[in-house]
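A.B. asks: Kindly return the folded structure for what I paste below:
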Amino acid sequence: MEQNETLFGIKRFINKIRFYSQSLASEELINDQLTFDAICYCLIMLNYCLDQLDKSTLKELNLELLKENVNKAIKVGDYINIEILDKLLIDIIPNITI
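C.D. replies: Numbers count the residues shown, from 1 in each chain. Model prediction:
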């Protein structure tokens, strides 16, 4: 994947996560299966895009913390770490600029 396409994907999935989570409290989000599934899918795709960037690009764009927290939030199988997800949706993703 080319660098520009990867950056476009990162921006796209960050914006989608912001859109899907913008008006829901944590419990509402978990109870809204479609929105929760959409956010989980976007996190998986965001994680994939972040994995495509080399370490120097991650540092340059200040995306290392995001990558670290997305990796902590997504576990193998169906497990999503809700505590990390809350932190991502409230404190980290809204403040990411690319």
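A.B. asks: does the residue nearest the centre of the chain count as helix, strand or coil?
C.D. replies: What sits nearest the mean C-alpha location of the chain, by CA atoms, centre = their mean, is residue 43, with 4.0 Å. Reducing the assignment at residue 43 to three states with DSSP: H, G, I helix; E, B strand; the rest coil gives helix.
A.B. asks: residues touching it, list them.
C.D. replies: With contacts defined as CB atoms under 8 Å, 6 or more residues apart in numbering, residue 43 is in contact with 13, 17, 70, 73, 74, 80, 85, 88. Using the backbone N, CA and C atoms, a C-beta is placed for each residue, glycine as well.
A.B. asks: Pass me the low-pLDDT residue ranges in the chain, would you?
C.D. replies: Residues of the chain meeting the criterion pLDDT under 70: 1, 76-78.
A.B. asks: Now the two most distant members of the contacts of residue 43.
C.D. replies: Farthest pair in the contacts of residue 43 (CB to CB) is 13 and 80. Separation: 15.4 Å.
A.B. asks: Who has more neighbours out of the two?
C.D. replies: Comparing residue 13 with residue 80 by other CB atoms under 10 Å, the one with more neighbours is residue 13, at 23 against 16.
A.B. asks: Which residues are in contact with that one?
C.D. replies: Taking CB under 8 Å, 6+ apart as the test, what residue 13 contacts is 42, 43, 45, 46, 49.
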